[in-house]
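In: need a structure here:
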Amino acid sequence: MKHKTLVILAALFLAVSASHGFANLVLDQLVLTPQGDTIATLEAKCNRGQMASCMELGGRYESGSGVAKDEARAVQLYQRACHGPDVARYMRSLGDAAGCRNLGFMYKQGRGVAKDEARAAQFFQRAIQLYLRACDGGSTNDCYQLGTMYEDGVGIVKDDVRAVQLYQRVCDAGEARGCNNLGAMYSNARGVAKDEARAVQLYQRACDGGSARGCYSLGVRYADARGVTKDEARALQLYQRACDAGEGAGCVSLGADDFVKGMQKDFAGDQAGGVPFYQHAAPLFQRGCDLGDALGCQGLGGLYEVGSGVAKDEARAVQLYQRSAELYQQACDRGHSPACYDLAHMRAQGKGMVKDEAGAAQMFQGLCHTGYDNACFSLAVFYQDGRGVAKDEARAAQLFQPICDAGGALACYNLGLMYAEGRGVSKNLDRAAALYQKSCNAKFPPACDALSKLKK
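Out: Residues are numbered from 1 along each chain as shown. Okay, here's the model as predicted:
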């Protein structure tokens, strides 16, 4: 059980680096960063008609930051920010538009108020109108927020090209977060042709401009050799810089590096040698979790579940898994596919919630239909194993094929196994060899081994 939990976590750390940090991204988009005002000060400013303070105070109540969590109170404050007593004066401010958008999410999710999709749509539309007006008036901050709405398709038809235009405008104005988001669009071929070298340039500009997330994103490129020569030491330096600046994903990536090293020692039979690495990973996961990073909570929960680097505490593990699931759910509800994907995996494992493989399969199916390849791969595995769906190896092969065609090494390897054994497809050793070769060329060692054995 211990090794199974560690393997699952290690696979998760290795799989999500490209999209990691989405939970913090959601918080950055939808809740104003606290500027040091106390709750009492924010209350006073809100009562004086400062709608941005009402918006920020609502965010504090929604997240439970510095005050007891109270979603109903958050709704009241977002309502006031969106439709304050002096809307004409504040309608160009971030607080007003952000308040409308956050209010839309509360109605959409049924948090603090009865769920009402129609009302949610109305508030999203008002937010868009306000952001548009302010952006056209020269507010790069509002252009950025509008870009996130176009990117996520919140209250408006999803339009990656328009999002790119807005992020470019924000980046050109010298705002680091605009450069970071633009880098992500180039990296993921959303609204522009895929260009990892250009993404690296933008992440570097964002990092140099003070974006902790930009430093983290740049670190991922050095770790994975995407657009730059692989340099793990440089990646760790950038993760540390991001973590020190309050980016939870940076802290978790540092912890994941220690975690994987500890696991390697553990699996080699040197359990004592792995302990220091797990002990170093635990506080990094804790910091990431405290900063709102779902994977940090999940990783720390895994350590408590098996007692690696910390005293075994299953009750604490459950609490952390539940917190992780909550963060994933919030991000998923706001349109972030990676969060939905990780939430589906937690549902399949029964971590932080009742185990529900059928529900997880449905989530993978929905994400796969949107073109999210990781979900298509997981759905293929579920069909292959008969988890949450009727076993259908032919369907699994159909799902693996396009992922393999796009360069997915593991999908090519799995498909190769199916051709080698005649599962879901007609047995074809030549086809199996070609698939193993493609996977091997993509630096997937098990495929190289399988190819070598096939040739004997």
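In: what's around the residue nearest to Lys230 when sequence neighbours are not counted, how many residues?
Out: Spatial nearest neighbour of Lys230, chain neighbours left out: Tyr222 (6.9 Å); criterion: C-beta to C-beta, 6 or more residues apart in numbering. Using the backbone N, CA and C atoms, a C-beta is placed for each residue, glycine as well. When counting by other C-beta atoms under 10 Å, one arrives at 23 neighbours for Tyr222.
In: do you have the helices of the stretch 151-300 of the chain handy? List them.
Out: Secondary structure of the stretch 151-300 of the chain (DSSP state H, counting those that start in this stretch): helices at 160-172, 176-187, 196-208, 212-224, 232-244, 248-267, 271-290, 294-306.
In: only alpha carbons, please: show the last one as PDB.
Out: Included here for helix 294-306 are C-alpha records, laid out as PDB according to Å, rounded to 0.1, in the frame of the first residue of the first chain:
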ATOM      1  CA  ALA A 294      -4.000  21.700  -4.400                       C
ATOM      2  CA  LEU A 295      -1.100  19.400  -5.400                       C
ATOM      3  CA  GLY A 296       0.800  20.500  -2.300                       C
ATOM      4  CA  CYS A 297      -2.100  19.400  -0.100                       C
ATOM      5  CA  GLN A 298      -2.300  16.100  -2.000                       C
ATOM      6  CA  GLY A 299       1.400  15.400  -1.700                       C
ATOM      7  CA  LEU A 300       1.500  16.200   2.000                       C
ATOM      8  CA  GLY A 301      -1.600  14.000   2.500                       C
ATOM      9  CA  GLY A 302       0.300  11.100   0.800                       C
ATOM     10  CA  LEU A 303       3.200  11.500   3.200                       C
ATOM     11  CA  TYR A 304       0.900  11.400   6.200                       C
ATOM     12  CA  GLU A 305      -1.000   8.500   4.800                       C
ATOM     13  CA  VAL A 306       2.100   6.300   4.600                       C
END
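In: elements contacting it?
Out: Taking 3 or more C-beta pairs under 8 Å, 6 or more residues apart in numbering; DSSP states H and E as the contact definition, the neighbouring helices and strands of helix 294-306 are helix 2-15, helix 248-267, helix 271-290, helix 314-333, helix 337-349.
In: so for that helix, mean pLDDT?
Out: Helix 294-306 comes out with an average pLDDT of 92.
In: now this protein, which segments are flagged as low pLDDT?
Out: Along the chain, the parts satisfying pLDDT under 70 run over 1-36, 84-95.
In: tell me the domain boundaries of it?
Out: The chain resolves into domains spanning 22-127, 373-456 when parsed by automatic domain parsing.
In: let me have those in JSON lines, extended by distance to Ala242.
Out: Output for the domains of the chain, formatted as JSON lines (distance: least, C-beta to C-beta, whole Å):
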{"stretch": "domain 22-127", "distance to Ala242": "10"}
{"stretch": "domain 373-456", "distance to Ala242": "23"}
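In: before we move on, back to that, go through the helices and strands packed on helix 294-306 and name the closest to Met55.
Out: In this view, the helices and strands packed on helix 294-306 are compared for proximity to Met55 by C-beta to C-beta, and helix 314-333 is the closest at 17.5 Å.
In: quick revisit: redo the domains of the chain as CSV? Include mean neighbour count.
Out: What follows is the domains of the chain, written out as CSV (neighbours: other C-beta atoms under 10 Å):
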stretch, mean neighbour count
domain 22-127, 19
domain 373-456, 18
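In: compare these and give me the one nearest Leu295.
Out: When those are compared for distance to Leu295 using C-beta to C-beta, the nearest one is domain 22-127, at 8.0 Å.
In: just to revisit the earlier point, okay if I get the helices of the stretch 151-300 of the chain as JSON lines plus distance to Gln125?
Out: Below are the helices of the stretch 151-300 of the chain laid out as JSON lines (distance: least, C-beta to C-beta, whole Å):
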{"stretch": "helix 160-172", "distance to Gln125": "16"}
{"stretch": "helix 176-187", "distance to Gln125": "23"}
{"stretch": "helix 196-208", "distance to Gln125": "30"}
{"stretch": "helix 212-224", "distance to Gln125": "28"}
{"stretch": "helix 232-244", "distance to Gln125": "35"}
{"stretch": "helix 248-267", "distance to Gln125": "32"}
{"stretch": "helix 271-290", "distance to Gln125": "35"}
{"stretch": "helix 294-306", "distance to Gln125": "29"}
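In: of the helices and strands packed on helix 294-306, which approaches Gly137 most closely?
Out: Judged by C-beta to C-beta, the one of the helices and strands packed on helix 294-306 that comes nearest to Gly137 is helix 314-333, at 30.4 Å.
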